[in-house]
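Trainee: Model the structure of this input:
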Amino acid sequence: MTHRAVAQAPQRLGRAVPVGLLDLRLSPRAGRTALASPDAVTQGLATAKVFAFASADYPGAALSMLFDSNGTTAVGAFEFDSTSALVTAFTFTGGAYEILSVPGSIASYATGINSAGLIVGTYEALGPPVRGFVKNGSTFSDVVFPGATATQALGVNNAGQIVGTHIDTLGEHGFVSDGSAFTSIDFPGATVTAAAGINAAGDIVGAWANSTTMQGFVLRGSVFTPIIFPLAKSTVAYGINDNGDIAGFYVDAAGNTHGFLFANGAFSTVDVAGARATELTSINNDGLVTGTFFDAQNEGHGVIGQ
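Mentor: Take a look at the predicted model:
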């Protein structure tokens, strides 16, 4: 993927979003061709894991992305026109797609859902700033980090704790919120930190970056542990379940993007068959994963795997 070390204030959602974790389309649209065998697998540093995948594409969309699923409902975003750089949140339940109409939004992502159906995401209205949202039943409320120029809500656990990113005059930071109080998260020595997933124990995963690299992390209590796929140029840890299994994606030495799982201390690479790029963004307690893949024509599709 292409990532910026220092985020700037967003002007539009979609490809212009500077908060790197939502801009999933940058890597495959570079026109790379995936290698047949990732280096870490051929060298025995990781295994290859095979899922039965099914695509989930919003009808008529030029691009679809999935970010999370509670096993019943999946959430994501789509574009009808790939040149518009504006996206719309949607839900996918029982084979039916439905636009998630965030009040006042001109662009939106739905990025997280818990077992009770609480949905979080990010939207832009006609006036600044870009902000997060929570949908509880039919009620929407904003998620805005105090003093931030932009806020993204990315993940939610079954207790309703929300993680995401916020931008201030010093840069981009992760955060965790219980719905009222906010705590900023900064990986030691990083210039950018993003928190993307949280489980029932409060363990948080995400990514950090400086001027030379972007890598994943897991935060347990007050202790950061790096999550770095073997031999990868960059790694993003995006989702974590209550078993501590982590889903995400990495860029290999040749610049190709692959999904990965980290479970029981071991890495596995996960690729949708025939895809130019695969990016996993969640794993639930039953091992179901969601994400996005790009096909040979560089068209993006939401995907669910078991």
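Trainee: When you work out contacts or count neighbours from here on, use the C-alpha atoms and nothing else.
Mentor: OK.
Trainee: who's in contact with residue 95?
Mentor: Applying CA atoms under 8 Å, 6 or more residues apart in numbering to residue 95 gives no contacts.
Trainee: Quickly note the distance from it to residue 58.
Mentor: 11 Å (CA to CA, to the nearest Å).
Trainee: And for residue 103?
Mentor: Applying CA to CA to residue 103 and residue 58 gives a distance of 20 Å.
Trainee: Of the two, give the one with the bigger neighbour count.
Mentor: residue 58 (24 against 12; other CA atoms under 10 Å).
Trainee: which residues touch residue 193?
Mentor: 165, 172, 173, 174, 185, 186, 187, 206, 207, 208, 209.
Trainee: Let me have these in CSV, adding pLDDT, distance to residue 63 and neighbour count as columns.
Mentor: Listed next are these as CSV, based on pLDDT from 0 to 100; distance: CA to CA, whole Å; neighbours: other CA atoms under 10 Å:
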residue, pLDDT, distance to residue 63, neighbour count
165, 94, 24, 30
172, 91, 27, 31
173, 94, 28, 25
174, 95, 27, 26
185, 97, 31, 22
186, 97, 32, 19
187, 96, 32, 24
206, 95, 24, 31
207, 94, 24, 29
208, 94, 27, 28
209, 91, 27, 24
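Trainee: and which of those residues is nearest residue 218?
Mentor: Ranked by distance to residue 218 (CA to CA), the contacts of residue 193 are led by residue 206 at 6.7 Å.
Trainee: By residue count, what's the longest strand in the chain?
Mentor: If you go by DSSP state E, the chain has its longest strand at strand 105-113.
Trainee: Not counting that strand itself, show me its contacts.
Mentor: Contacts of strand 105-113 (CA under 8 Å, 6+ apart): 12-14, 66-70, 74-77, 86-91, 100, 102, 119-126, 153-157.
Trainee: Okay, and which of the residues you listed map to strands?
Mentor: Among the contacts of strand 105-113, the members falling in strands (DSSP E) are 66-69, 74-77, 88-91, 119-125, 153-156.
Trainee: Near residue 213, how many residues? Count them for me, please.
Mentor: The number of residues packed near residue 213 is 14, by other CA under 10 Å.
Trainee: And for residue 259?
Mentor: 26.
Trainee: need the contact list for it.
Mentor: Residue 259 neighbours (CA under 8 Å, 6+ apart): 247, 248, 249, 250, 269, 270, 271, 278, 279, 280.
Trainee: Would you mind giving those residues as JSON lines with pLDDT added?
Mentor: Below are these laid out as JSON lines (pLDDT from 0 to 100):
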{"residue": "247", "pLDDT": "97"}
{"residue": "248", "pLDDT": "95"}
{"residue": "249", "pLDDT": "94"}
{"residue": "250", "pLDDT": "94"}
{"residue": "269", "pLDDT": "96"}
{"residue": "270", "pLDDT": "96"}
{"residue": "271", "pLDDT": "95"}
{"residue": "278", "pLDDT": "94"}
{"residue": "279", "pLDDT": "93"}
{"residue": "280", "pLDDT": "95"}
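Trainee: what packs against the helix or strand bottoming out on mean pLDDT in the chain?
Mentor: When each helix and strand of the chain is scored by mean pLDDT, DSSP states H and E, helix 39-42 comes last, with a mean of 85. Judged by 3 or more CA pairs under 8 Å, 6 or more residues apart in numbering; DSSP states H and E, helix 39-42 is in contact with strand 47-48.
Trainee: Tell me the first helix or strand C-terminal of the strand or helix carrying residue 279.
Mentor: Using DSSP states H and E, residue 279 falls within strand 277-283. Counting by DSSP H and E, the element after strand 277-283 in chain order, helix or strand, is strand 289-294.
Trainee: Give the partner strands of that following strand in its sheet and their orientations.
Mentor: strand 277-283 (antiparallel), strand 300-305 (antiparallel) (DSSP bridges).
Trainee: Quickly compare the ones you listed and say which is most buried.
Mentor: Of these, the one with the most neighbours on average (mean count of other CA atoms under 10 Å) is strand 277-283, at a mean of 31.
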